[in-house]
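>>> Sequence plus the predicted model coming up.
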Amino acid sequence: MQINRHGAALLLLFGTIGNLLNILVLKEHSFQKKPCAVYLSWSSITSLIFIWSGFLTRVLQGYSVNWPNENQVACKVRQFILNVTWAMGAWCLVGANIDRYFCSHSSITVRQLSTNRMAKRVILGMFIFFCLLFVEVIYCFEGSIPNVPVLCYGRNIPCRMFNDWAALLFDIILPSICLATFGLMTIRNIRMRVVQPVRKPTTNSGSRLLTRFNDRNLTRMLLIQVFVVLALDLPFGTYRAYASLTSNILKSSYRVAVENLIYSQIVLLICVTHSTSFYLYTLTGSVYRLALKRIIRRFLLF
């Protein structure tokens with residue numbers, strides 16, 4: 001109860017503030033033409049929806065309000081939103097990581113794949129795909145299910161197995177593999193790339209250097225978040241698979257209490273993943289900090 005009441009509420013507050021500031025900063029003119037910033041903006045938007053859909057109910061549970069998990073319609077709609085936004089948040093990070101790989105590539109043909117139009121098309125395609133993938137939630141999930149970590153859960157074993165393994169595969173395993181792979185490839189490109197710049201008038205050299213500086217900052221910001229996501233998301237997927245496989249096993253009240261405590265703590269890790277991007281970017285990105293300062297200055301002058 002105390003974990004739900006205070007821990008989830010605190011993360012909900014910091015996550016809301018962080019994601020809103022993230023969206024504002026990434027809309028700033030120094031990031032507007034960066035496809036990576038488009039992916040990161042949408043990752044923040046979906047993360048904001050995710051934490052409010054998922055963790056408001058946990059705060060309410062801390063005050064013994066379980067209506068969202070007991071009501072059938074609220075249960076189904078909330079779980080559908082949770083599944084889609086979690087997947088979108090993870091895969092927008094993958095898209096940003098792939099964009100950084102494109103930008104760091106020595107081939108101009110590959111670098112030309114990094115465009116805002118491409119980013120928006122990919123995001124729309126991902127949204128449609130995940131809506132279709134998780135539409136099964138409308139049938140599979142029901143409120144007030146006994147002997148599971150939360151009241152709103154899969155109605156039977158096939159539903160639970162499909163949803164848990166789909167979430168494990170598409171929200172954690174595949175994004176983690178893609179993030180790690182393209183992150184390492186981006187690091188390799190940065191270390192090995194030797195690009196002969198196209199000869200241009202010297203008046204453009206300052207702009208070109210600024211662009212490269214911004215790109216390096218975005219890459220550093222993103223790679224650090226990749227490591228955070230890999231570390232914090234895997235425990236949840238592992239536990240969900242365990243919960244589904246053991247849901248038909250008769251458990252003692254002590255074991256149920258321990259599992260519920262572990263689940264509450266693991267769920268908070270997911271909230272940390274979706275709540276800390278702003279703070280990570282502020283700590284690791286000098287260009288990001290400058291953009292944030294400009295926004296704060298404009299707000300104070302207004």
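Received it, and whenever you're ready, just let me know what you need. From a predicted model like this one, the values you see are computed outputs, not experimental measurements.

>>> how close does residue 113 sit to residue 190?
Note on residue 113: its distance to residue 190, by CB to CB, to the nearest Å, is 17 Å. (C-beta placed from N, C-alpha, C; glycine too.)

>>> just residue 13 next, same as before
36 Å.

>>> Those two - which one has more neighbours?
Neighbours of residue 13 and residue 190, each counted by other CB atoms under 10 Å, are more numerous for residue 190; the result is 16 against 13.

>>> Can you show me the helices along the stretch 151-300 of the chain?
157-167, 174-192, 205-245, 253-275, 277-284, 286-301 (DSSP state H, counting those that start in this stretch).

>>> Can I get the ones you listed in JSON lines including mean pLDDT and distance to residue 93?
Formatted as JSON lines, the helices of the stretch 151-300 of the chain follow (pLDDT from 0 to 100; distance: least, CB to CB, whole Å):
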{"stretch": "helix 157-167", "mean pLDDT": "84", "distance to residue 93": "16"}
{"stretch": "helix 174-192", "mean pLDDT": "82", "distance to residue 93": "7"}
{"stretch": "helix 205-245", "mean pLDDT": "68", "distance to residue 93": "6"}
{"stretch": "helix 253-275", "mean pLDDT": "79", "distance to residue 93": "10"}
{"stretch": "helix 277-284", "mean pLDDT": "80", "distance to residue 93": "9"}
{"stretch": "helix 286-301", "mean pLDDT": "79", "distance to residue 93": "16"}
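
>>> Deepest-packed of those, please.
Of these, the one with the most neighbours on average (mean count of other CB atoms under 10 Å) is helix 277-284, at a mean of 20.

>>> And stretch 78-94, how far out from the chain middle?
The chain centre lies 7 Å from the centre of stretch 78-94; the measure is CA atoms, centre = their mean, to the nearest Å.

>>> circling back to that earlier point, dump the helices of the stretch 151-300 of the chain to CSV, plus distance to residue 66.
CSV is the format used below for the helices of the stretch 151-300 of the chain (distance: least, CB to CB, whole Å):
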stretch, distance to residue 66
helix 157-167, 20
helix 174-192, 31
helix 205-245, 18
helix 253-275, 14
helix 277-284, 30
helix 286-301, 39
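
>>> Of all those helices, which one is nearest residue 146?
Minimum separation from residue 146 across these (CB to CB) falls at helix 253-275, 10.4 Å.

>>> could you say what helices and strands that closest one packs with?
helix 9-26, helix 35-61, helix 72-104, helix 205-245 (3 or more CB pairs under 8 Å, 6 or more residues apart in numbering; DSSP states H and E).

>>> could the ones you listed go into TSV alongside distance to residue 134?
Shown next, in TSV, are the helices and strands packed on helix 253-275 (distance: least, CB to CB, whole Å):
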stretch	distance to residue 134
helix 9-26	22
helix 35-61	13
helix 72-104	4
helix 205-245	14
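
>>> closest one to residue 174 among the ones you listed?
helix 72-104 (8.3 Å).

>>> elements contacting the helix or strand just after that closest one?
Sequence-wise, the next helix or strand downstream of helix 72-104 (DSSP states H and E) is helix 108-111. Under the contact criterion of 3+ CB pairs under 8 Å, 6+ apart, helix 108-111 touches helix 72-104.

>>> Any buried residues in the helix it packs on, and which?
Neighbour counts using 16 or more other CB atoms under 10 Å place 75-104 of helix 72-104 among the buried residues.

>>> do you know how far the spatially most central residue of the chain is from residue 40?
Central residue of the chain (CA atoms, centre = their mean): residue 89, 3.3 Å from the mean position. Distance, residue 89 to residue 40, using CB to CB: 10 Å.

>>> again with residue 242
32 Å.

>>> hmm, back to that, tell me which of the helices of the stretch 151-300 of the chain approaches residue 60 most closely.
Taking CB to CB, helix 253-275 is the member of those nearest to residue 60, at 13.9 Å.

>>> next one: that closest one to chain centre, how far?
18 Å.

>>> Quick one: work out the angle between it and helix 35-61.
Orientation of helix 253-275 against helix 35-61 (axes from the mean of the first three to the mean of the last three CA atoms, to 10 degrees) gives an angle of 150 degrees.

>>> which residues touch the residue lying closest to residue 12 once chain neighbours are set aside?
Distance criterion CB to CB, 6 or more residues apart in numbering; nearest residue to residue 12, sequence neighbours excluded, is residue 55 at 4.8 Å. Shown in contact with residue 55 (CB atoms under 8 Å, 6 or more residues apart in numbering): 8, 11-12, 15, 271.
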